[in-house]
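Enquirer: Sequence first, then the predicted structure, then my questions.
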Amino acid sequence: MGAGLIGQVDDFMSWLLHGYETWLVAVLKGVPLFLYVYFLLAYVPNYVYYGVTQYIPFITSTPETGFIFAFGAGTANLVVFIVLLMWTQAARGRRGFAWTFIRVVDFLQLLFVYLLLIPLLAFNMAGGTFFPPEGENPFPIQALAFGALVAVLGAATLFFFFVEYRRVTRRQARQAEAESAAYLAG
């Protein structure tokens, strides 16, 4: 069961990352990728800055020190993003434990982005926060509803990806079977 599931994830991610795609699949991959990069390079350093300057009591320091920590976090995230891009491209068309591991990590990132990250950004955009000012509601109903709606849309997108993957791979399998039969008959 486990090896079958890993194999399915491996094949799915090979198709999603490097296979045939429609314009809708390309858009549904590109926009979340942009939001992921935005989160890594803008949100995380911002969280680090405010954590270092205001919220972590034993580290609380000056804004200049907070900027240095935030810059370091942003630079580290840029390096991580470049490494992710390079290893994903290196895994293209290759088989083996390490290459499968890379595609499984990419799949887990895909789940993270669609089911957690984008709903978190939507929650923040609708007025929700984890660090509210004194006396303010951190979880207004519209923020919770909007975040939940976006999470459902993320799950629907993942389901669409799976349906599209099955459709495209079935068509390719029928085409390969027909070419093989024609070759053997000819």
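Expert: Sure, I can see it. Numbering: from 1, shown residues only.
Enquirer: what ranges do the helices span in the protein?
Expert: Using DSSP state H, the helices assigned to the chain run over residues 2-18, 23-38, 44-50, 63-90, 97-112, 118-125, 141-185.
Enquirer: list the buried ones in the shortest one?
Expert: Residues of helix 44-50 classed as buried under the neighbour-count rule (16 or more other CB atoms under 10 Å) are Pro45, Tyr47, Val48, Tyr49. Yep, even glycine has a C-beta here, placed from its N, CA and C like the rest.
Enquirer: ditto for the second one
Expert: Neighbour-count burial for helix 23-38 flags Val25, Leu28, Lys29, Pro32, Leu35, Tyr36 (criterion: 16+ other CB under 10 Å).
Enquirer: ok, now which ones touch Thr22?
Expert: For Thr22, the contact set (CB atoms under 8 Å, 6 or more residues apart in numbering) comprises Glu164.
Enquirer: switch the cut-off to 10 Å
Expert: By CB atoms under 10 Å, 6 or more residues apart in numbering, Thr22 lies in contact with Leu28, Glu164, Arg167, Val168.
Enquirer: sorry, back to before: quick one: which of the buried residues of helix 23-38 is nearest to Asp11?
Expert: Closest to Asp11 out of the buried residues of helix 23-38 is Val25 (15.7 Å), distances taken as CB to CB.
Enquirer: quick one: the nearest residue to the closest one once chain neighbours are set aside and Leu84, what's the gap?
Expert: Spatial nearest neighbour of Val25, excluding adjacent residues (CB to CB, 6 or more residues apart in numbering): Glu164 at 5.9 Å. To Leu84, Glu164 is 23 Å away according to CB to CB, to the nearest Å.
Enquirer: now do Leu144
Expert: Going from Leu144 to Leu84 by CB to CB gives 31 Å.
Enquirer: ditto for Ala26
Expert: From Ala26 across to Leu84, the span is 19 Å (CB to CB).
Enquirer: Same question for Thr129.
Expert: To Leu84, Thr129 is 28 Å away according to CB to CB.
Enquirer: still on that earlier bit, can you give me the pLDDT of the residue nearest to Val25?
Expert: Looking at Glu164, its pLDDT stands at 89.
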